[in-house]
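Undergrad: model the following, please.
(one chain, ligands or ions: 2)
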Amino acid sequence: MTDPLLSIRDLSVAFGAGKREVLAVDRVSFDIAKGETMALVGESGSGKSVTALSVMKLLPYPAAHHPSGTIHFQGQELLAMPENEIRKIRGDDISIIFQEPMTSLNPLHTIEKQIGEVLLLHRGMSGQAARKRIVELLTQVGIPDPQGRLGSYPHQLSGGQRQRVMIAMALANEPELLIADEPTTALDVTVQAQILKLLKDTQQRLGMSMLFITHDLGIVRKIADRVCVMQRGKIVEQGPIERVFTAPEHPYTKALLAAEP
Ligand code: ADP
Ligand code: MG
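TA: Ligands and ions are numbered 1, 2, ... in the order given. Now for the predicted structure:
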């Protein structure tokens with residue numbers, strides 16, 4: 001048995017102080033193996049995004065108390081790592097995509113420039129080689145006429161296309177781990193299905209691991225190998241999806257499954 005790619009132990013994150021303190025994440029522990037997809041489910045406010053942001057060390061400081069616990073990625077402990085080193089891992093090995101692509105895309109930069117920067121910074125690629133790779137990435141994520149889109153700005157694309165561009169950016173560095181925080185929630189169902197397929201295909205091609213956050217159990221069934229169920233900051237149940245979906249143990253998991261449309 002090889003070591004997991006990501007190993008989180010007793011992660012806790014609090015916001016506020018004194019009586020106002022909220023324990024957003026409460027002693028969360030889970031592993032993700034290479035090539036595996038872990039889903040994180042639970043109602044709004046249960047601590048899914050804060051868990052994801054902790055892995056990227058992107059928590060809003062000093063709003064959050066320093067997280068406690070450990071996060072090992074490829075054997076390195078991230079929480080204790082200095083900012084300059086974590087920045088390199090963030091760019092080279094871990095990518096994140098959010099629900100709303102406009103927060104990640106720079107409105108003043110063309111599509112070519114946004115993806116080009118990732119290739120330059122993390123793959124040392126520029127000019128003709130980068131342009132060729134950008135067209136390749138845009139083709140992979142299903143942007144029509146990718147060559148003609150290089151000079152477009154984010155506002156000139158549809159919501160679904162922006163989300164695809166963001167995914168192309170997240171994949172440009174060929175990450176070991178992709179964190180996807182409700183990446184399809186804002187999209188209509190057909191675009192949603194296309195994006196899920198794209199993520200699944202890419203994962204198989206790159207052997208990439210995924211931490212996939214959603215409140216949609218239907219998506220979990222389609223995409224995940226294992227699932228963690230979160231409630232009020234805690235993981236109340238985790239296991240392979242076949243087991244959790246057919247024989248849930250925790251009352252909250254049972255309630256979630258019973259509430260499925
Ligand atoms: P989820 O992604 O599961 O909907 P979050 O991880 O975003 O939930 O939030 C978990 C808890 O942490 C919530 O109670 C939320 O209000 C709190 N929280 C998240 N971000 C902040 C912040 N920047 N400042 C204060 N509290 C926060
Ligand atoms: Mg969230």
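Undergrad: helix, strand or coil for the closest residue in space to R27 that isn't next to it in sequence?
TA: With sequence-adjacent residues excluded and distances taken as C-beta to C-beta, 6 or more residues apart in numbering, R27 is closest to D10, at 4.9 Å. (Glycine included, C-beta is placed from N, CA and C.) Counting by DSSP: H, G, I helix; E, B strand; the rest coil, the backbone at D10 sits in strand.
Undergrad: for ligand 2, what is the nearest residue in the stretch 1-150 of the chain?
TA: Going by C-beta to the ion, ligand 2 is nearest to S49 of the stretch 1-150 of the chain, at 3.2 Å.
Undergrad: thinking that residue is in contact with D181, fair?
TA: Yes. Contact between S49 and D181 holds when scored by C-beta atoms under 8 Å: they sit 5.6 Å apart.
Undergrad: what do the two both touch?
TA: By the contact definition C-beta atoms under 8 Å, 6 or more residues apart in numbering, S49 and D181 are jointly contacted by I213.
Undergrad: now the helices for this protein?
TA: Per DSSP state H, the chain carries helices over the ranges 48-55, 83-92, 111-123, 127-140, 146-149, 159-172, 189-206, 217-223, 241-246, 251-258.
Undergrad: let's have those in CSV, adding mean pLDDT, distance to H66 and mean neighbour count.
TA: CSV is the format used below for the helices of the chain (pLDDT from 0 to 100; distance: least, C-beta to C-beta, whole Å; neighbours: other C-beta atoms under 10 Å):
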stretch, mean pLDDT, distance to H66, mean neighbour count
helix 48-55, 92, 10, 22
helix 83-92, 86, 13, 14
helix 111-123, 92, 27, 19
helix 127-140, 93, 36, 16
helix 146-149, 95, 42, 14
helix 159-172, 90, 27, 23
helix 189-206, 87, 32, 15
helix 217-223, 92, 31, 17
helix 241-246, 96, 32, 16
helix 251-258, 95, 29, 15
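Undergrad: so which of the ones you listed gets nearest ligand 1?
TA: Checking those against ligand 1 by C-beta to the nearest ligand atom gives helix 48-55 as the closest, at 3.2 Å.
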